[in-house]
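>>> Predicted model and sequence below, questions to follow.
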Amino acid sequence: MKIHGPADSAQPRQQGRPGPVPDGGADGRRPRVVIVGAGFGGLTVATRLAKAPVDITLIDRENHHLFQPLLYQVATAGLSPADIAWPIRALVRHQRNTRVLLGAVTGVDRADKHVSLGDRHIAYDFLVLATGATHGYFGNDAWAAHAPGLKGIDDATEIRRRLLLAFERAEMATDPRERERLLTIVIVGGGPTGVEMAGAAVELAHSALADDFRAIDPQQSRVLLVEAGPRLLPSFPESLSRHAERALRRLGVEVRLGQAVTHCDAAGVALGDEIVAAATVIWAAGVAASPAADWLAAAGDRVGRVRVGPDLRPPGMDDVFVIGDTALAHDVAGRPLPGIAPVAKQQGAYVAQAIQARLSGKAEPPPFRYRDRGLLATVGRKTAVIAFGRLQLKGWLAWWLWGIAHIYFLISLRNRLLVMTQWLWSYVSFERGARLITGLHPVKADPESEPGHEPARATRPGDDAAPPPLAAPSPTPD
């Protein structure tokens, strides 16, 4: 694909605050670094290049950076979205060489060296693709409507809405079978996300909501964790996997191992010949990468990750880096690197170092080598599992270390204090303070609110066609 378009002209930089960063310009301009994705990897590249002699364009479909490891706590009403997310512009406001664009990239033209952002083309000298991953349903994309995954704030608030709304509807249900369906939660996938979701969901139902209803007993709700493999947490040592399984069973979670979901619809799921009627199904079983491999016409694996070399570049692309969940990178033993935050952050730091070396004419850094920071997963409010090399921890001490690590890696002091306070209060009171059901009365979408939309021409006095008066929206039935 080859797309032609005008580039922005260079603008003089103002003193005291960031000036505009050009899409392109005449000879003598500073090198342009375009970063697609402001997750852990992309944001690390941008911040590490804060003082470099480059002009950075940071593009993301959302206006916020998200601390994804705690997203399940938003989905289960333990935290509010603002506790684990920060505006991207606020994070880079002091970087004079960086601008932020809100929008979805639709393609890359490697010949003309620009990315397509709607009708606009953003030129680059270095391109960093850190676009992350989305939910993968193993070819059954129709299941997505009935089993949302957990990758963003909208996913988390939708799952929270479904969870809480199911209890509200069960309170009013008169049919015992329908009530049982409404009080059944199925979580598909036994990795860290599924394990943490299962523990938090059963504690929400059996503890936080226990005394809030009159016609139903939330403690009678069922939470099923379904894993097609032989054990939970397959990336952890087997002893820790078994500990997590036992801990979930003690909490009241029904753990189903060696069973795959064969069908999913609004009524529930099928596990082979067994039908499980469930109003809430949560997908934590698979991921699919962004279309980055298609944009680059590069080789990808079965889930769409771009195959990169030890320098985090696709073969034959000296000016393109691919990192995080978008990349299929390997460790020194040839094993694929996991899609976790420490990998993305270390890759982002490496890419920034490689770009600075290229700019200064120095030798490029040695091949990327991941420094393993360990694996962590929590199981409810009293136990966790940690694997760090030969060191293995489980139980109450691991749970405290898990909490300290997650609070430490939150970006701002404000969010650290908020999350710590919320956790302490929840621990002593069993309360979940973010139990808000949103989206019951959706407002009609306004096309002018979409990024990149060209606003309508204002009506001038004397024009025949005046804008219609605003009307209050009518209530939408549940």
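Thanks, I have the structure now.

>>> Around Gly286, count how many other residues there are.
16 (other C-beta atoms under 10 Å). Just so you know, the C-beta spots here come from the backbone N, C-alpha and C atoms, and that holds for glycine as well.

>>> For the closest residue to it other than its chain neighbours, which residues are in contact?
For Gly286, ignoring the flanking residues on the chain, the nearest one in space by C-beta to C-beta, 6 or more residues apart in numbering is Gly136 at 3.7 Å. Taking C-beta atoms under 8 Å, 6 or more residues apart in numbering, we find Gly136 in contact with Ala285, Gly286, Val287, Ala288, Val303.

>>> Give me the packing partners of whatever helix or strand Ala384 lives in, helices and strands only.
Per DSSP states H and E, Ala384 falls inside strand 383-388. If contacts are counted by 3 or more C-beta pairs under 8 Å, 6 or more residues apart in numbering; DSSP states H and E, strand 383-388 sits against helix 238-251, strand 375-379, strand 391-395, helix 396-409.

>>> What separation do you get for the residue nearest to Gly286 and Asn97?
From Gly136 across to Asn97, the span is 36 Å (C-beta to C-beta, to the nearest Å).

>>> pretty sure Ser116 contacts Arg110?
No - between Ser116 and Arg110 there is no contact, the gap being 11.9 Å when judged by C-beta atoms under 8 Å.

>>> which parts of the strand holding Ala384 are buried?
Thr383, Ala384, Val385, Ile386, Ala387 (16 or more other C-beta atoms under 10 Å).

>>> Any idea what the fourth one is bridged to?
So the one you mean is Ile386. Note on Ile386: beta-bridge partners by DSSP bridges are Leu376, Leu393.

>>> Pull the contacting residues for it.
So Ile386 contacts Leu240, Gly374, Leu375, Leu376, Gln392, Leu393, Lys394, Ala398, Leu401, Trp402 (C-beta under 8 Å, 6+ apart).

>>> On the pLDDT front, check it for me.
You'll see Ile386 listed with a pLDDT of 96.

>>> which residues of this protein score low on pLDDT?
Low-confidence segments of the chain (pLDDT under 70): 1-27, 423-433, 444-478.

>>> Show me it divided up by domain.
32-61+103-135+288-360, 141-285 (automatic domain parsing).

>>> And the longest one, how far out from the chain middle?
Counting by C-alpha atoms, centre = their mean, to the nearest Å, domain 141-285 is centred 20 Å from the centre of its parent chain.

>>> what distance separates the start and the end of it?
13 Å (C-alpha to C-alpha, to the nearest Å).

>>> same question, the shortest one
Taking C-alpha to C-alpha, the span from the opening residue of domain 32-61+103-135+288-360 to its closing residue is 15 Å.

>>> Distance from the chain centre to it, please.
Taking mean C-alpha positions (C-alpha atoms, centre = their mean), domain 32-61+103-135+288-360 and its chain are 16 Å apart.

>>> again, but for stretch 87-98
With C-alpha atoms, centre = their mean, you get 21 Å for stretch 87-98.

>>> could I have that stretch exported to CSV, CA atoms only?
Provided in CSV are the C-alpha atoms of stretch 87-98 (Å, rounded to 0.1, in the frame of the first residue of the first chain):
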residue,chain,number,x,y,z
PRO,A,87,-3.9,10.7,30.9
ILE,A,88,-1.1,10.2,28.4
ARG,A,89,-0.7,13.9,27.9
ALA,A,90,-0.2,14.4,31.6
LEU,A,91,2.6,11.8,31.7
VAL,A,92,4.6,13.5,28.9
ARG,A,93,3.6,17.1,29.4
HIS,A,94,7.1,18.1,30.4
GLN,A,95,8.7,16.5,27.4
ARG,A,96,9.4,19.3,25.0
ASN,A,97,10.0,17.0,22.1
THR,A,98,6.8,14.9,22.4
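
>>> how about the most centrally placed residue in the chain, secondary structure?
Closest residue to the average C-alpha location of the chain: Lys151 at 3.4 Å, with C-alpha atoms, centre = their mean. Counting by DSSP: H, G, I helix; E, B strand; the rest coil, the backbone at Lys151 sits in coil.

>>> mind checking how far it is from Gly190?
18 Å.

>>> Same question for Val281.
For Val281 relative to Gly190 (C-beta to C-beta), the value is 15 Å.

>>> again, but for Gly286
Taken as C-beta to C-beta, the span from Gly286 to Gly190 is 12 Å.

>>> What of Gly28?
56 Å.

>>> quick one, which of those two is more surrounded?
Between Gly28 and Gly190, counted using other C-beta under 10 Å, Gly190 has the larger neighbour count: 28 against 6.

>>> for the more buried one, what are its contacts?
So Gly190 contacts Leu225, Val226, Glu227, Gly229, Arg231, Leu232, Leu233, Pro234, Val255, Leu257 (C-beta under 8 Å, 6+ apart).

>>> isn't Trp283 right next to Val186, touching?
No - between Trp283 and Val186 there is no contact under C-beta under 8 Å: 9.6 Å.

>>> quick one, helices of the stretch 101-250 of the chain?
153-172, 176-182, 192-203, 238-251 (DSSP state H, counting those that start in this stretch).

>>> The shortest one: which residues count as buried?
Translated: helix 176-182. Arg179, Glu180, Arg181, Leu182.

>>> Pro366: what secondary structure?
coil.

>>> hmm, back to that, is it possible to get a markdown table of the buried residues of helix 176-182 that adds distance to Trp143?
Shown next, in a markdown table, are those (distance: C-beta to C-beta, whole Å):
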| residue | distance to Trp143 |
| --- | --- |
| Arg179 | 24 |
| Glu180 | 22 |
| Arg181 | 17 |
| Leu182 | 20 |
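
>>> for the residues you listed, which one is nearest Ala156?
Sorting the buried residues of helix 176-182 by distance to Ala156 puts Leu182 at the head of the list, at 20.6 Å, by C-beta to C-beta.

>>> Chain neighbours aside, what residue packs nearest to that closest one?
Using C-beta to C-beta, 6+ apart, the closest residue to Leu182 is Ala170 (3.9 Å).

>>> Spell out the residue ranges of the helices in the stretch 251-400 of the chain.
According to DSSP H, counting those that start in this stretch, the helices that the stretch 251-400 of the chain contains are 292-296, 341-360, 396-409.

>>> right, and those - which one's nearest Ala201?
Using C-beta to C-beta, the nearest of those to Ala201 is helix 396-409, at 17.4 Å.
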